[in-house]
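*Asks:* kindly return the folded structure for what I paste below:
(chains A and B)
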There are 2 protein chains.
Amino acid sequence: MSSAEAIAKAAKNAFEDSQLITSAERATALHRICETLQSNKAEILAANKEDLKAAQVEVDAGRMSESLLKRLDLDKGDKWDSMLQGVLDVAALSDPLGIVSYAKELDDGLELYRVSCPIGVLLVIFEARPEVVVNIAALAIKSGNSAILKGGKESNRTTQLLAQAIAAGLSQSSLPDTYVQSIQTRAEVSSLLALDQYIDLVIPRGSNSLVQNIQNNTRIPVMGHADGICSVYLDESADTEKAVRVVLDSKTDYPSACNSTETLIVHESLLHSVWPVVGRALLEANVRLLCDPATLSVLQSSPTPPSNLSLAGPSTPEAYTTEHLTLTLSVIALPSLPAAVRFINAHSSHHTDCIVTESQPAAAAFCRGVDSAGTFVNASTRFADGFRYGFGTEVGISTGRIHARGPVGLEGLVIYKYMLRSTGATGHVVSDFGAGGRRYKHADIAPTLPF
Amino acid sequence: MSSAEAIAKAAKNAFEDSQLITSAERATALHRICETLQSNKAEILAANKEDLKAAQVEVDAGRMSESLLKRLDLDKGDKWDSMLQGVLDVAALSDPLGIVSYAKELDDGLELYRVSCPIGVLLVIFEARPEVVVNIAALAIKSGNSAILKGGKESNRTTQLLAQAIAAGLSQSSLPDTYVQSIQTRAEVSSLLALDQYIDLVIPRGSNSLVQNIQNNTRIPVMGHADGICSVYLDESADTEKAVRVVLDSKTDYPSACNSTETLIVHESLLHSVWPVVGRALLEANVRLLCDPATLSVLQSSPTPPSNLSLAGPSTPEAYTTEHLTLTLSVIALPSLPAAVRFINAHSSHHTDCIVTESQPAAAAFCRGVDSAGTFVNASTRFADGFRYGFGTEVGISTGRIHARGPVGLEGLVIYKYMLRSTGATGHVVSDFGAGGRRYKHADIAPTLPF
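*Replies:* Below you'll find the predicted structure:
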């Protein structure tokens, strides 16, 4: 058996062995993990210093970005403490397991329940941010899934010690200490992607190319946390103040986030009213504008030229399918709401799109017509976030169309099974039903598991 | 543009163009389709006769099974009428779209709704059963998804005319006539599997190897309707009459169905009590028994030998991972409930498994511990079916772990999107929240879309 197979099999066994473990015991395990992390803090931060030292060499040689280096640092500000607090927060969330979403009496004494349950074994691949190991371990434990974790190689020394501390915490709980395992190499990932008999879901966090590469190389389902090309459409009836506030927030609040806006669509009727005000505000906020001819000419022909006018220039067709992730915004004027909806469906990444409008019918048509995980009315695309939505935690944001879409909370890590119980004197068999026999009742019953 | 790409793009356009079409209009479309099918009945059945004639040649030459031929026949018994009735039944089901499953006020005047919506474009691949074209077209239209259908090649003449009649019906409705398209060749399927920008979900119905082959060749999500290796476990406390009834029904009611039982597990303590009665009943029902040494020796050493004893013989290890699909049952004795749960998790296809027991704790441990889509207590595995569960229709049975598991009804063909609406005087932006600013309310509100 290869080492990857041993890891995958251990994960599956850990998952299966944990099915009778209660929610309270899972919460206890999370508390134990916090304690072992805390008692190993010095050692973990020393390893983190080693990772940082090696990374600094790469940065100095121009082979690594400063921002990657910053994300590596586990001792920065209150990062350590908030990492531990995050585990306790997850422990305190309500249990996503055992929830009955369908309950019917099929016949006298034959009760069917659809009950939420974990998916199985998760393989999670993420960037070089060591605290993510702890974060995902907590989510997996809470949701009843076992997990195999692979962080970016630049954080290997840190993640290895974090994983050891997690295993030490697990060994003081009723969960197996193989419930959360970590791996270090891409070769192991490749081997694991072939083991669909053990691994039930792959969650890659990172670039679109990482996600696509994994999708191309496994038949295990992939929950993709892909890029975001979000847009704001200023409808014919848009209010100027709302337009300015929503567009500026969507673009400038945190430009490198996936829920930031990359494209602004302006209804043609606003070219000489709302657009110049919005454009001026964007330029003042140092936003580079890649404009189509109509929107550019309005800015350039203004009798009182906006400040930073040099930041406005012509767009290319590619601009409208680019995730800028910086203070850059693509702009286009379109003649109608249907044209805007079509444009968004063709160019966006189906993440989150917003309409600014005073018209309820326009809002309804936009929200139904735009085929994205989030369709917003007069609200910044930056609201697309699990915490803001009230989930208490976020596994990631999915631009996929099945299982979970948009910000994914703990609910995205569970599925359901059907439990059917006969309390009839002689059990229940289907041959008693049908022509001349018994008929199915399909009556609603209390959604509470009796056993 | 290749012909496959033209088809896929037309399907995506049809899907996007249909977003504002109401549930009532979809029901009307289904009625129009029934009418065009009925008015083209003679022509369709003539084409079906051609398919049957060609198939008969194959059967006579020993290249095709008699049962495949039978399934091709659209004029057999009430098949035609029940096909049309099925469309009307789907039309009458409650609308799976527009259902709000999460509704929160994030702030004063900022409302979030999670609303069910279609997935997008479905590619459905199925066996040579022409009525399935009509059945799946109805499900797709009802659930708001556009569809590309590929039936078994033996039914090509029939399915082509059925698809034409469906398109004719659609052209009399507000849905585009490209909403449901059919293709004829495997080459087209291969091309379509590469077009993940247009196709959102692949649903292969058929053999495990078909499903796996598709999973290996696409990055589009696949909802697998795979084989079923179901089992019944007779617990220590099993009632004899329930054991006999449940085992016989699970095995003999319809042996070629995926929810039929293939393996019987007997608690060792029942070897000389319940097992001989069950074994005798199975042999009397002409069931071939592939037994482990313990269960076989009990049968063979009985002072009053069961009838058909020659049907009982020794098993091989492969017997316990085989989907017999005939009147054959693999049998094994195990020492405990945990051993049975482990055995099932290692050998079953995670479809449906049953415990026969009088013990509530044993039932609970089994239902939680067995990692299958259905875990049943004292009820035949044959109950695992969308109609019996009360869904009104069945897309298929999924042994996957994400999105939909077990019998899949219309709910399995929808996903959700988040709609966020600000009614605030100046819209809503995230930069107003956080340290020193506004706080999220996350208050429950009525799950009713206001627009």
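*Asks:* what about A:A138, which helix or strand?
*Replies:* According to DSSP states H and E, A:A138 maps onto helix A:131-143.
*Asks:* could you see whether chain B lies near that helix?
*Replies:* No - counting by Cβ under 8 Å from any Cβ of the partner chain, chain B has no neighbours in helix A:131-143; the shortest distance is 12.7 Å. Bear in mind the C-beta positions are built from the backbone N, C-alpha and C, glycine included.
*Asks:* what are the buried residues along that helix?
*Replies:* A:131-143 (16 or more other Cβ atoms under 10 Å in any protein chain shown).
*Asks:* pull up the pairing partners for the next helix or strand after that helix, direction included.
*Replies:* Moving toward the C-terminus from helix A:131-143, the next helix or strand (DSSP H and E) is strand A:146-150. With DSSP bridges as the criterion, the sheet partners recorded for strand A:146-150 are strand A:121-125 (parallel), strand A:180-183 (parallel).
*Asks:* for the first one, list the C-alpha coordinates in PDB.
*Replies:* Extracted as PDB, the C-alpha positions of strand A:121-125 are listed here (Å, rounded to 0.1, in the frame of the first residue of the first chain):
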ATOM      1  CA  VAL A 121     -13.400  12.300   3.800                       C
ATOM      2  CA  LEU A 122     -12.400  15.700   2.600                       C
ATOM      3  CA  LEU A 123      -9.200  16.600   0.800                       C
ATOM      4  CA  VAL A 124      -8.500  20.300   1.300                       C
ATOM      5  CA  ILE A 125      -5.800  22.000  -0.600                       C
END
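*Asks:* show residues contacting the helix holding A:A138.
*Replies:* By Cβ atoms under 8 Å, 6 or more residues apart in numbering or on different chains, the residues outside helix A:131-143 that reach it are A:26-27, A:29-30, A:33, A:37, A:74, A:79, A:83-84, A:86-87, A:90-91, A:93, A:95-97, A:118, A:122, A:124, A:126, A:146-147, A:149, A:151, A:159, A:162-163, A:166, A:175, A:179-180, A:182, A:205, A:393, A:395, A:410, A:413-414.
*Asks:* mind redoing it with 6 Å?
*Replies:* A:26, A:29-30, A:83, A:86-87, A:90, A:96, A:118, A:122, A:124, A:126, A:147, A:149, A:151, A:159, A:162, A:166, A:180, A:395, A:410, A:413-414 (Cβ atoms under 6 Å, 6 or more residues apart in numbering or on different chains).
*Asks:* how near is A:H324 to A:T252?
*Replies:* 12 Å (Cβ to Cβ, to the nearest Å).
*Asks:* what parts of the stretch 201-350 of chain A come near chain B?
*Replies:* A:215-216, A:219, A:221, A:241-242, A:245-246, A:249, A:253, A:345 (Cβ under 6 Å from any Cβ of the partner chain).
*Asks:* rerun that using 7 Å as the cut-off
*Replies:* A:201, A:212, A:215-216, A:219, A:221, A:241-242, A:245-246, A:249, A:253, A:345 (Cβ under 7 Å from any Cβ of the partner chain).
*Asks:* could you list every residue that touches A:I214?
*Replies:* Residues counted as contacts of A:I214 (Cβ atoms under 7 Å, 6 or more residues apart in numbering or on different chains) are A:193, A:202, A:204, A:222.
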